[in-house]
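Visitor: Curious how this folds, go ahead:
(one chain, ligands or ions: 2)
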Amino acid sequence: MAAPMDSSVTTDIGWRFDNSYARLPQRLFAQARPAYASAPRVMLLNTGLADALGLSLGALSPDGAAALFSGQAIPAGAQPIAQAYAGHQFGGFTMLGDGRAILLGEHLAPDGSRVDIQFKGSGQTPYSRRGDGRAALGPMLREFVISEAMHALGIPTTRSLAVVATGDPVYREERLKGAVLTRVAASHLRVGTFEFLAAHGDHVALRALADYTIKRHYPAAANAANPYLAFYQAVLERQMALIVQWQLVGFVHGVMNTDNMSIAGETIDYGPCAFMDRYDPGAVFSSIDAYGRYAYDQQPLIAQWNLARFADALLPLLDPVPDKAIELATEVLSSAGARFDAHWLAGMRAKLGLSNAMPGDDELARELFMWMHTAAADFTNTFRALATGDAALLAPASDQRFAAWHARWRGRIAAEGVSLETAQQRMRAASPVIIPRNQRVEETLAAAEQDDMTVMHRLLEALATPYDDRPRDAAYLSPAPEDSERYRTFCGT
Ligand code: AMP
Ligand code: MG
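Guide: Ligands and ions are numbered 1, 2, ... in the order given. I've put the predicted structure just below:
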């Protein structure tokens, strides 16, 4: 059932919609209407993000906000659609599309940026297949928390503007509360969007989509000798830089299917993701990832695999001669590992307080991770302890391996001619104190389930300044107890 237009509700909070995606070839989308919600109620609003977008939430009554952010009242200028895409899911190719998401359009923010405004969990679309198009409250709140934490960490990500409980149940293994998340993204163009058109063999639409994406996200590529090849290279660069940022904070996305890889280079589709506590290169949290395809240490390789699928889709645009197109794409793709390594090493130097490059830095960084693995050291707290001079807390004096590493690291800093204190000051800007630790996130969701949002607000406040050491945030620093059950996450359906 589609939501009736409620004309008594004001939705005029400063929206400036354009619908450029809906002007692309027809095959890329279908009209869709958000479903009726029987008792919408606001659970979370992101006033900081709204302000940045030039949206005045103050103009809304609580009922107005609930109606707006559950899709009961569609703002003027919005043109709701579901986007078509395909994807390699756990390696297998499928035609997909927004089965539980509806794009309202692009909002033009006062700073000149263009952002997608999308509802997630707002009911069925023509692409829902057998799904109900709905989302449960817990996973939508979880996406809000983790995406906002990523943003505060400085990691490119989609953002969350609101979560509204619909008042209607969703049925999974159990009966759950339904909710709609309002997501804000640079765009929802995915590797899978290109795969969709390539699978249809629609090269006219493929070219239109590539031109559109270049104009929207990679305008410099338009001036290159081969714009589509420059575009591919630029996407690869952003993607590898993004994955490095995940690796440097211990973030595991959990479901890096090609439909969940944003061409704009943002972290997108928060499902079974989690931050690790103790360092484990094989960390997997997703309940459906039995073989560890999307484990922490696989993320760089999976990103490259996905970029190879992206290249497959772009081949017809790269060169009219198929063998030449493959050659061009292969050459760019083969640079991905080196691009990853370069970003990683630069990031690790910052985390270790090193401001210039010296031979052996890579090994120094890798040895620390090897020690962290054998010592089951907490990822976040290890780097923070190095940055605050509390390294003695990390390992007992009897840990010769750590002692040797630590001495080598201090010698490396001394070789730059700076004091340890100066280096540590810089390090504190490169390693967070506060990450959304699993048990802390879970406790906010449990409280929210009982309509207590205070626990959530406290966590969101702490996550907003992840690099600041503040005594009042001490409760957010501890990893889950060693003997606690292995943390499992479920796809946000
Ligand atoms: P995800 O794992 O969330 O990235 O979703 C993969 C695909 O399944 C996307 O095409 C979604 O739109 C679709 N999907 C996920 N959950 C649902 C649902 N409850 N109803 C309909 N489609 C869904
Ligand atoms: Mg997805």
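Visitor: For V163, which residues are in contact?
Guide: 42-44, 69, 137, 140-141, 144, 179-182 (C-beta atoms under 8 Å, 6 or more residues apart in numbering). For glycine as for every other residue, the C-beta is placed from the backbone atoms N, C-alpha and C.
Visitor: Roughly how far does G254 sit from R408?
Guide: Between G254 and R408 the computed distance is 35 Å (C-beta to C-beta, to the nearest Å).
Visitor: Pull out the buried positions in stretch 433-450.
Guide: Taking 16 or more other C-beta atoms under 10 Å as the basis for neighbour counts, the residues of stretch 433-450 that come out buried are 433-438, 440-441, 444-445, 447-448.
Visitor: Let me know the average pLDDT across that stretch.
Guide: Taken as a whole, stretch 433-450 has an average pLDDT of 97.
Visitor: Just give me the neighbour total for the residue nearest to W15 when sequence neighbours are not counted.
Guide: Counting by C-beta to C-beta, 6 or more residues apart in numbering, the nearest residue to W15 once its immediate chain neighbours are dropped is P75, at 4.5 Å. Around P75 sit 19 other residues, with neighbours defined as other C-beta atoms under 10 Å.
Visitor: is it true that P75 touches F17?
Guide: Yes. With contact defined as C-beta atoms under 8 Å, P75 reaches F17; the gap is 6.7 Å.
Visitor: what sits in contact with each of these two?
Guide: Once C-beta under 8 Å, 6+ apart is applied, the residues that P75 and F17 both contact turn out to be L104.
Visitor: so who does A78 touch?
Guide: Taking C-beta under 8 Å, 6+ apart, one finds 15, 17, 19, 104-105, 117 in contact with A78.
Visitor: By neighbour count, which of these wins?
Guide: Ranked by neighbour count (other C-beta under 10 Å), the contacts of A78 have G105 at the top, with 25 neighbours.
Visitor: That one should be in a strand, yeah?
Guide: Yes. The assignment for G105 (DSSP: H, G, I helix; E, B strand; the rest coil) places it in a strand.
Visitor: pretty sure it contacts G77?
Guide: Yes. G105 lies in contact with G77 (C-beta under 8 Å); the separation is 6.8 Å.
Visitor: Residues that sit against both of the two, list them.
Guide: Taking C-beta under 8 Å, 6+ apart as the contact criterion, the residues that touch both G105 and G77 are 17-19.
Visitor: Reformat these as TSV; add pLDDT and distance to ligand 2.
Guide: Rendered in TSV, the data for the shared contacts of G105 and G77 read as follows (pLDDT from 0 to 100; distance: C-beta to the ion, whole Å):
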residue	pLDDT	distance to ligand 2
F17	98	24
D18	98	24
N19	98	22
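Visitor: Among those residues, which ones are in strands?
Guide: Cross-referencing those with the strands (criterion: DSSP state E) gives 17-18 as the overlap.
Visitor: Show me which of the shared contacts of G105 and G77 is closest to D51.
Guide: Of all these, the one sitting nearest D51 is F17; the distance, using C-beta to C-beta, is 18.4 Å.
Visitor: what's near enough to touch the spatially closest residue to that closest one that is not a sequence neighbour?
Guide: Take F17 and drop its neighbours on the chain: the residue closest to it by C-beta to C-beta, 6+ apart is G77, 3.4 Å away. Shown here is G77, whose contacts under the criterion C-beta under 8 Å, 6+ apart are 15-19, 105.
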